[in-house]
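S.K.: Have a look; sequence and predicted model below, questions after that.
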Amino acid sequence: MADEISDLRLFVRIVAAGSLSEASRRTHSSLPAVSRRLAAMENRLGVRLINRGSRHFSLTEEGALLHERGVYILDELDAAEAEVGTRLETPQGYIRVGAPLEIGRRQIAPLIGEFSRRYPRISVELVLSDSPADIAGDDLDVGLLTDGPGDTGMISRRLISSQRIVCASPEYLAQHGAPMTPDDLLKHDCIRLVRGRRIFDRWSFKENGVAREVQVKGTLLSNNAEVTHDWAVAGRGVVLKALWDIRDDLREGRLIELLRPYANDYLSLNAVFPSRRYLPPRVRVLLDFLVEALVD
């Protein structure tokens with residue numbers, strides 16, 4: 001394709017020059033080289049484009065058609081390349097971002113609002129779901145995932161890590177007491193998250209320097225992280241949440257942190273995208289902005 005574009009550009013220059021000799025001078029090429037390229041182009045197309053004379057030439061009907069279309073094509077190509085170059089200098093365009101519902105609503109959405117203020121020429125669609133973001137299936141430019149990319153062809157960039165915290169409301173603790181060790185959770189009503197057919201009921205701890213898990217039980221389960229949060233705030237049980245989801249609840253006393261000496265569970269939020277090499281500038285500045293704005 002590059003050769004065809006180059007030949008088309010030469011053909012348009014030949015017509016503009018009015019002769020092969022003048023075209024060779026303007027393109028800093030030898031006359032035989034210009035003649036050979038024109039002949040090869042005619043041979044490839046199977047038509048004569050220019051009637052050559054000793055002192056002048058004229059376009060054939062096919063040559064006139066190719067010249068008219070060629071000027072338009074080259075103008076569009078030059079305009080497209082200029083626009084791309086401008087976008088490299090001033091990021092612009094449309095970005096579709098997928099994110100988990102809870103952190104997406106609580107943290108990512110406000111940041112996207114600030115990003116839009118800072119980059120008014122970039123439009124961002126934020127798609128929130130409790131299902132893991134599917135880059136290809138959901139037509140996303142970037143997916144924010146709380147684990148690595150399921151597709152090995154994707155690139156992953158860590159944005160933030162957060163400790164997972166066992167917590168409950170003051171009302172629940174007043175009625176049921178607080179667990180003092182991980183094993184005490186076996187006596188409590190624990191709110192569990194579900195993903196597909198997987199129940200996240202094995203909570204990780206470190207006791208006496210050794211990592212271990214406790215398989216918790218309870219009466220409430222949901223595939224929606226916000227629902228598990230709301231149940232905990234309402235006093236319905238003990239829950240395991242990432243600090244980024246409950247920082248305000250802890251500060252304002254709606255939830256109380258439990259089992260801090262045994263904490264041993266972390267969750268990372270990663271940006272997943274198809275390619276680092278051809279990452280559009282608008283996506284690159286968004287990722288850089290999120291890395292700067294999100295703090296561990």
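M.R.: Noted; the coordinates are in hand.
S.K.: Please, where are all the strands along this structure?
M.R.: Per DSSP state E, the chain has strands spanning 50-52, 57-59, 93-100, 122-129, 142-145, 155-168, 190-195, 198-200, 202-207, 210-215, 221-222, 238-242, 256-258, 266-273. These are given in chain order.
S.K.: who wins for proximity to A109 among these?
M.R.: For these, distance to A109 was read as C-beta to C-beta. The smallest value, 6.1 Å, belongs to strand 122-129. Bear in mind the C-beta positions are built from the backbone N, C-alpha and C, glycine included.
S.K.: hang on, the earlier thing: kindly reformat the strands of the chain as JSON lines containing distance to D288.
M.R.: What follows is the strands of the chain, written out as JSON lines (distance: least, C-beta to C-beta, whole Å):
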{"stretch": "strand 50-52", "distance to D288": "52"}
{"stretch": "strand 57-59", "distance to D288": "52"}
{"stretch": "strand 93-100", "distance to D288": "13"}
{"stretch": "strand 122-129", "distance to D288": "13"}
{"stretch": "strand 142-145", "distance to D288": "12"}
{"stretch": "strand 155-168", "distance to D288": "10"}
{"stretch": "strand 190-195", "distance to D288": "30"}
{"stretch": "strand 198-200", "distance to D288": "32"}
{"stretch": "strand 202-207", "distance to D288": "32"}
{"stretch": "strand 210-215", "distance to D288": "34"}
{"stretch": "strand 221-222", "distance to D288": "34"}
{"stretch": "strand 238-242", "distance to D288": "23"}
{"stretch": "strand 256-258", "distance to D288": "32"}
{"stretch": "strand 266-273", "distance to D288": "10"}
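S.K.: mind checking which of the ones you listed is nearest P179?
M.R.: Closest to P179 of the strands of the chain is strand 256-258 (C-beta to C-beta; 6.0 Å).
S.K.: what number of residues lie near the nearest residue to P100 once chain neighbours are set aside?
M.R.: Among residues not flanking P100 along the chain, T146 sits closest, at 6.1 Å (C-beta to C-beta, 6 or more residues apart in numbering). Burial measure for T146: 16 neighbouring residues, criterion other C-beta atoms under 10 Å.
S.K.: Would you mind measuring from T146 to A225?
M.R.: Relative to A225, T146 is positioned 9 Å away (criterion: C-beta to C-beta, to the nearest Å).
S.K.: cool, and L173?
M.R.: Note on L173: its distance to A225, by C-beta to C-beta, is 22 Å.
S.K.: one step back: let me see the contact set for the residue nearest to P100.
M.R.: Under the criterion of C-beta atoms under 8 Å, 6 or more residues apart in numbering, the contact partners of T146 comprise P100, I103, A242, L267, S268, L269, N270.
S.K.: ok, 7 Å please
M.R.: Contacts for T146 were tallied using C-beta atoms under 7 Å, 6 or more residues apart in numbering; they are P100, L267, S268, L269.
S.K.: Next, give me the two most distant ones among those.
M.R.: By the measure C-beta to C-beta, the contacts of T146 have their two most distant members at P100 and S268, which lie 12.0 Å apart.
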